[in-house]
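**Student:** sequence first, then the predicted structure:
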Amino acid sequence: MSKIIAKSGGVNWPSNKVTTIPYSVYTDEEQYHLEHEKIFKGPTWNYLCLAAELPEPGSYFVSQIGETPIVVTRDLEGSLNAFVNRCAHRGALLCLKKSGKAENLTCVYHAWSFDLKGDLNGVAFQRGIKRQGGMPENFCKDDHSLRKLRVEEFSGLVFGSFSDDVPSIEEYLGTDISSRISRVLKSPLRIIGHNTQVLNNNWKLYFENAKDSYHASILHTFFTTFEINRLNQQGGIIVDSSGGHHVSYSMIDPSLSNDEYGSQNIRSANDEYSLEDPSLLESVDEYGDGVTLQILTVFPGLVLQQIHNAIAVRQIVPTSVGTTELVWTYIGFEDDDDEMIERRLKQANLVGPAGFISMEDGAVGNFVQRAIAGTDEDLSVVMMGGEKAESQPFRATETSVRGFWKKYRSLMEGIDPNA
Amino acid sequence: MSKIIAKSGGVNWPSNKVTTIPYSVYTDEEQYHLEHEKIFKGPTWNYLCLAAELPEPGSYFVSQIGETPIVVTRDLEGSLNAFVNRCAHRGALLCLKKSGKAENLTCVYHAWSFDLKGDLNGVAFQRGIKRQGGMPENFCKDDHSLRKLRVEEFSGLVFGSFSDDVPSIEEYLGTDISSRISRVLKSPLRIIGHNTQVLNNNWKLYFENAKDSYHASILHTFFTTFEINRLNQQGGIIVDSSGGHHVSYSMIDPSLSNDEYGSQNIRSANDEYSLEDPSLLESVDEYGDGVTLQILTVFPGLVLQQIHNAIAVRQIVPTSVGTTELVWTYIGFEDDDDEMIERRLKQANLVGPAGFISMEDGAVGNFVQRAIAGTDEDLSVVMMGGEKAESQPFRATETSVRGFWKKYRSLMEGIDPNA
Amino acid sequence: MSKIIAKSGGVNWPSNKVTTIPYSVYTDEEQYHLEHEKIFKGPTWNYLCLAAELPEPGSYFVSQIGETPIVVTRDLEGSLNAFVNRCAHRGALLCLKKSGKAENLTCVYHAWSFDLKGDLNGVAFQRGIKRQGGMPENFCKDDHSLRKLRVEEFSGLVFGSFSDDVPSIEEYLGTDISSRISRVLKSPLRIIGHNTQVLNNNWKLYFENAKDSYHASILHTFFTTFEINRLNQQGGIIVDSSGGHHVSYSMIDPSLSNDEYGSQNIRSANDEYSLEDPSLLESVDEYGDGVTLQILTVFPGLVLQQIHNAIAVRQIVPTSVGTTELVWTYIGFEDDDDEMIERRLKQANLVGPAGFISMEDGAVGNFVQRAIAGTDEDLSVVMMGGEKAESQPFRATETSVRGFWKKYRSLMEGIDPNA
Amino acid sequence: MYEDNIRLIENLMADYSAAIDNKDFERWPELFTDDGRYRVTNSEDYKLGYLHGSIWANSRGMLRDRVSALQEANIYEEQSYRHIRDATRLITEDEPNGVVTVSSSFIVVRTMHTGDMHLFVSGIYIDRIKLHDGIALFEERIVVCDSQKIDTLLAIPL
Amino acid sequence: MYEDNIRLIENLMADYSAAIDNKDFERWPELFTDDGRYRVTNSEDYKLGYLHGSIWANSRGMLRDRVSALQEANIYEEQSYRHIRDATRLITEDEPNGVVTVSSSFIVVRTMHTGDMHLFVSGIYIDRIKLHDGIALFEERIVVCDSQKIDTLLAIPL
Amino acid sequence: MYEDNIRLIENLMADYSAAIDNKDFERWPELFTDDGRYRVTNSEDYKLGYLHGSIWANSRGMLRDRVSALQEANIYEEQSYRHIRDATRLITEDEPNGVVTVSSSFIVVRTMHTGDMHLFVSGIYIDRIKLHDGIALFEERIVVCDSQKIDTLLAIPL
Ligand code: FES
Ligand code: FES
Ligand code: FES
Ligand SMILES: [Fe+3]
Ligand SMILES: [Fe+3]
Ligand SMILES: [Fe+3]
């Protein structure tokens, strides 16, 4: 095993580069606990939900940051609030349903109640009964608010942060990422479905996978076969300056041949394969820019996907060092006509837990988790496209994966990695 | 996070008071391991079973202290014994059934056998076969007894201790608690049923819940609604000097109005609600003292409950830092007539895993366990009724919960908390 | 608890003998992790599979060492190879099936491909696409082979080692063990079945059980009752000089009475019991040496069993500190005639998860694991037949269990135990 | 037994599971006679002859009260059951009184609103069914769970 | 409903489960009409009226394409299902069009090639069945899973 | 197949599950013909044509011996099974010999005396059933478990 130059939690890093990753980063309990402090409760913006999940004043919605349960509310003035979903008295869950509507949040255990801003406004029997019992005179409700988060909305996405130091969400995202989020979330949303995929692997393995443009046309042969996307299309990768966020996009260019592929002789070259009902792939260029695929990630846990007319938001929720939940929300827009709705429903076959071009992503992280058992002293290699984490005008690269590790190490170790 | 003034296991206490409790006390593995040494194997009396489970000489019954399996026996002289249910040879479970009758306990693995006092009285092939093999000459059976516990019985309750220092059970309980145990267990018992409730939370969260008179009329709306019990009844809390044990009792006083309730405007005020078959609540004052409810706890794991004519013993058995089993034994008395038996069976609907006034207790501990995930650096607040853990003539208090923490901290840290 | 004289992981040893074993050796996470370094990846030969599972060039078979997944291949020259079943790029499982045939092993994630010797021979888009992207110029395939193991075959058994220091397999086994392996695996094998038994206990408890000749006639009453094997037969134990390997054998001697048994008065003396279909036990002396039973173990995880004509190989695979899998392969020989095949199928009722004389072994380790919960500070006793780990001409002994601990401690602590 | 009685019984069984699994709880008490008995016990208590039930009723009124409590008083997280039943076996048939005793093995899978799902209970139903005027009702249903353990709580009847 | 129609429906149900559990996948689309609809959803989405399905088809062709992808394109570890169904309940009967709507509770146990087995899904089938010339085919099968969670991936249809 | 034969087969199936789940073990061998065959295997071995069985018998005597061992010789913790079977499917019918081949999917839930319960086995029964003089008996029952893994031990037959 290579010599140690840096250490965080129980993980030893062989260098200050991001080209070799110790596998213990996916298995070490101490590291996982430290991630809660340095990343999830650190200077980051964590995706919480769509603003559309909170349609009116009094709406609340339950989400999660790291393993911490969070409740998001729209208060009576219509502004958004977020706090830990935990009563300030003895710590019971405050909201017991996924979502709902309320003027106050009242805990079932002893009926302490909180307004939608998270402030304590009622303590059952505070003065006791018949002047017996109750809370001490010096008890002050203002000292017992819920644990509040900062919350900001961007293009209908709601983000929360435990940190006072993190800049505004737009500054955090940067203009490149912001503009490509707005591009997709162009108008009022309509939610068309939800589900949750249970991933038997560390959360980072999924986030890397979403950033990994190298695997797209190889692991998912459906892509190549049906010319939905391939590396020899026009396209590229944008990585923000922090490294944490990225966009991968591509445009079909049917003129290009498959020879590059044949010459690679890899599993995915299979052109005689054809669909009996090709309507699955009849898509429209709803953005008018010819971009057929845009995968965008925001550190540490959001994926925004546009694949033809299939649009979805994925939230990555860690549940233990070795398990993760991927919360899918499938969306369209208020102004979709019936044809567009049916188109989105058909194309939804491409994505999600049963998606023709995404089901593999639910398993491949677990393939790594199982493969490193017993030998997590070894290293993973991230060298495709160089050693840096800059934007690149092609997709045969792991630049955005390196970007992830650049951001991750800077937060975990407080260093400035060589990337 | 508040500054540390004391530390046990992986838990940091902000002060020597018992009014704020760090949530990590419910999640920390190191703390949980230390509890086995300091509490379960420490100077405490742990409830094991009812003497009625051991009807005759030769009876044995399997129980648990902390995670340690225990077997209780009634030896041929009729006296009670207890030891770890683990063979002194290679450690196999000795008794494989929940209960039974035997003259010797013989291990299935290599047939070492032990008498009902836990002494080794037979080693298969001790002298080998045909003078070949067998145990060394210097092997002495007396050095290989089972690991024995002290055992004492009080009012038909059997307790065990790993400690030689703990005083007798009556002294441990004190007169206030002793007398109220004897009050309920007035005459020869008849067991009418068993079941076990699996709690997905740390054991302490359930024990606190049983001591918590504050929640009773709020979480369990059935109480209030049917005037089975409410805070504006006569009643009170007795906490013993150690803090570990308590009694909460009340007597119906129908004259009192519900206005106090209305004014609190909490979930549980719902008086138009009526039963189609009110026979459920037709109870008799079998103790002749008008006490309709008595909840009694003995540190660290016993709850004795009388609610009208529904009588039950609950044993709290930790199974991991985050899971617990609650073993219910439902009882009546030998001299119950048929009406009383039916009355107890009907009123049993009030308690247990499906109990109208107890089912919530099976879930609320888990609400806390889930709510503190990822943020167990925060604090729980226990201030209702002051800062002390003394007896109080009212029930709008958390005094017995503070009592628990007083006893707990004195054992875990060897300090004398300010309570 | 006795004073500490040695420590490995979180385990304290009371002496340098192997007659008392601290129970924490079966429960301590740190110890379990250290076992992977010192034992499974240390100077040992780990059983992987039968050579018969790799019939021809291109065959591969997936196995495990400790928790590490391993793939064994037969390369195009027909020689055997083994490596960690983990891609050298980002660490995905390379072989996704239990076994198969291939000329190259291609990873599904990014299509890196490896030859059957474990060398990297293809990197998808290594040169990028249209001269864009791809791997750095200085990237050298030779630096990215799979993690290779040493592999050796003996009598149709395939072993692998992470260590360069361990001597050849024959030297590792020694002549006594080698010759008795060859005795059983006399000619070309025929596999007649597989299954896997999930053991809810630490791996060592099962390995000790397989070495423990003391329990055989006591735990498994079927043995005694049907004179398949008993302690008062001729027989004995061979322990190799390292202590790690052993052979236990016996020959029927019907002349001998059961009095020894009666006098022990243990569970297993039950001679009135008879079979309705005795054909179960009609066996033939296929080795012509009258040996009706031979149980052989190779440190750290192989059991080779001959019981009459029931022959099986058992691989012990740890899956966590408290769980283990026992992989059974039931075998015969190519030259078995139909009668012999039916005989083996009938006698297979004796062994395996439902075996008349082995089912108990699947449970007894779990009896220990449960019995030591909460009190693993205590000690297990291994004194039958003395304090040493030498070969002995009788079976009322635990000499081969002591042998296990001798080998175990020498690897874990680097000491030379007094045995 | 007559074909049509078999059909009546099978429909009663299916209506019972559907009433609970579809949360049509008001329908549940109506599948019992006025003095219908219902008890949830476990194989250990049942063998020992203990009469206790986690849920115990000897009137349709008590069953209706259980439903009201479920809907108006008790606090529990949103959850749903899924019953899967094995074949119905005839045990005894009391022609004159038109009462049939049958049993059937079952499992119940419980799914919480969070999406967490697990095998909640396995056991056997022991039923006395009253057949009258082409209507079948439970005179008694004893739910014998194989395990004495109940996870968290038993809010919805089995 | 006529006895023989009941038999046709029961056979269709059994053929469906057998086709999937025995990995006779080509048989699966043939149990639907040409314009057969198939959707896998969950109780939450179903209640909210969301139209999305993890698997969504409105033609037999789409079902056949799902099978080809399963066999030619997608990567997943070898695995098999085991369906256990409860009784079929009649919901509505549309004589003139020979279309019957029925429902049945089910569970699916999934076993991986590694031997790891678990309760994968519980839920209810809501089926519109076309009966014509002594043949029964699915005009629509909606698979409503009780949980919105799916472990790892959903490769084989439910 | 004749209605009454179907009833005979369904009763045999139900008696089999009940004999085991109710621990009426002596009844179990009597559901087989004198030369009845019984084998517990797994889908992997079954596909590969391996003949081994964890439990393997080719006579009613061997089945009775299994029961005696279970009751007199072997040590195992008290435990019980709960069988849930899906519909019986006809595979082939050999009129002249009155032998019918059928299959049915099943699961078995195992509950230990401690109250721990889990999904123990899922699989399929493949049965050759002899129908003679209004009596149905197993000429062969092959129990094909979906998984090759068996938790702890297999004491009670499946
Ligand atoms: S825990 Fe919320 S009010 Fe007490
Ligand atoms: S472990 Fe009990 S006799 Fe050996
Ligand atoms: S992980 Fe194997 S090729 Fe990338
Ligand atoms: Fe992907
Ligand atoms: Fe309570
Ligand atoms: Fe053994």
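**Tutor:** Looks like it arrived, so ask away. Ligands and ions are numbered 1, 2, ... in the order given.
**Student:** show me where chain D has helices.
**Tutor:** D:3-21, D:43-48, D:60-68 (DSSP state H).
**Student:** and the stretch 101-250 of chain A, by the same measure?
**Tutor:** A:169-184, A:203-211, A:216-219, A:221-225 (DSSP state H, counting those that start in this stretch).
**Student:** contacting residues for A:Val303?
**Tutor:** Contacts were defined as Cβ atoms under 8 Å, 6 or more residues apart in numbering or on different chains; by that measure A:Val303 touches A:207, A:210, A:295-297, A:313-314, A:316. C-beta coordinates here come from the backbone N, C-alpha and C atoms, glycine included.
**Student:** just give me the neighbour total for whichever residue of chain D sits closest to ligand 1.
**Tutor:** Using Cβ to the nearest ligand atom, the single residue of chain D nearest to ligand 1 is D:Ile75, 12.3 Å away. D:Ile75: 19 surrounding residues under other Cβ atoms under 10 Å in any protein chain shown.
**Student:** tell me the spacing between it and A:Cys87.
**Tutor:** According to Cβ to Cβ, to the nearest Å, D:Ile75 stands 14 Å off from A:Cys87.
**Student:** out of the helices of chain D, which gets nearest to C:Val166?
**Tutor:** C:Val166 lies closest to helix D:43-48 among the helices of chain D, at 53.0 Å (Cβ to Cβ).
**Student:** leaving out sequence neighbours, find the closest residue to the residue in the stretch 251-400 of chain A that chain E sits nearest to.
**Tutor:** The nearest approach of the stretch 251-400 of chain A to chain E comes at A:Asp277, 3.2 Å away (Cβ to the nearest Cβ). Leaving out its chain neighbours, the residue that sits closest to A:Asp277 by Cβ to Cβ, 6 or more residues apart in numbering or on different chains is E:Gly61, at 3.2 Å.
**Student:** counting neighbours, what do you get for that neighbour?
**Tutor:** 19.
**Student:** what about it, distance to A:Lys346?
**Tutor:** Counting by Cβ to Cβ, the gap from E:Gly61 to A:Lys346 is 12 Å.
**Student:** my understanding was that A:Lys41 contacts A:Asp164; is that so?
**Tutor:** No - A:Lys41 sits out of contact with A:Asp164 when judged by Cβ atoms under 8 Å, with a separation of 11.6 Å.
**Student:** of these two, who's got more company?
**Tutor:** Each of A:Lys41 and A:Asp164 has its neighbours counted (other Cβ under 10 Å); A:Lys41 has more, 20 against 7.
**Student:** low-confidence ranges, the chain, go.
**Tutor:** Went with chain A since none was named. A:1-6, A:225-233, A:252-273 (pLDDT under 70).
**Student:** other chain: chain D
**Tutor:** For chain D, the ranges with pLDDT under 70 are D:1.
**Student:** could you rerun that using 90?
**Tutor:** D:1-4, D:72, D:93-97 (pLDDT under 90).
**Student:** before we move on, back to that, so which of the helices of the stretch 101-250 of chain A is nearest chain E?
**Tutor:** Short answer: helix A:221-225, nearest of the helices of the stretch 101-250 of chain A by Cβ to the nearest Cβ, at 4.8 Å.
**Student:** the closest one - contacts with which helices or strands?
**Tutor:** Applying 3 or more Cβ pairs under 8 Å, 6 or more residues apart in numbering or on different chains; DSSP states H and E, one finds that helix A:221-225 makes contact with helix A:216-219.
**Student:** for the helix it packs on, packing partners?
**Tutor:** Using 3+ Cβ pairs under 8 Å, 6+ apart: helix A:216-219 touches helix A:221-225.
**Student:** let's see that with 10 Å instead.
**Tutor:** helix A:221-225, strand A:246-251, helix A:259-264, helix A:361-371 (3 or more Cβ pairs under 10 Å, 6 or more residues apart in numbering or on different chains; DSSP states H and E).
**Student:** would you turn the ones you listed into TSV with mean neighbour count?
**Tutor:** TSV is the format used below for these (neighbours: other Cβ atoms under 10 Å in any protein chain shown):
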stretch	mean neighbour count
helix A:221-225	24
strand A:246-251	23
helix A:259-264	14
helix A:361-371	24
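**Student:** three-state assignment of whichever residue of chain A sits closest to ligand 2?
**Tutor:** Using Cβ to the nearest ligand atom, A:Gly374 is the residue of chain A that sits closest to ligand 2, at 30.4 Å. Three-state call for A:Gly374 (DSSP: H, G, I helix; E, B strand; the rest coil): coil.
**Student:** contacts only, for it.
**Tutor:** A:Gly374 sits next to A:27, C:33, C:36-37, C:40-41, C:64-70, C:84, C:318 when contact means Cβ atoms under 10 Å, 6 or more residues apart in numbering or on different chains.
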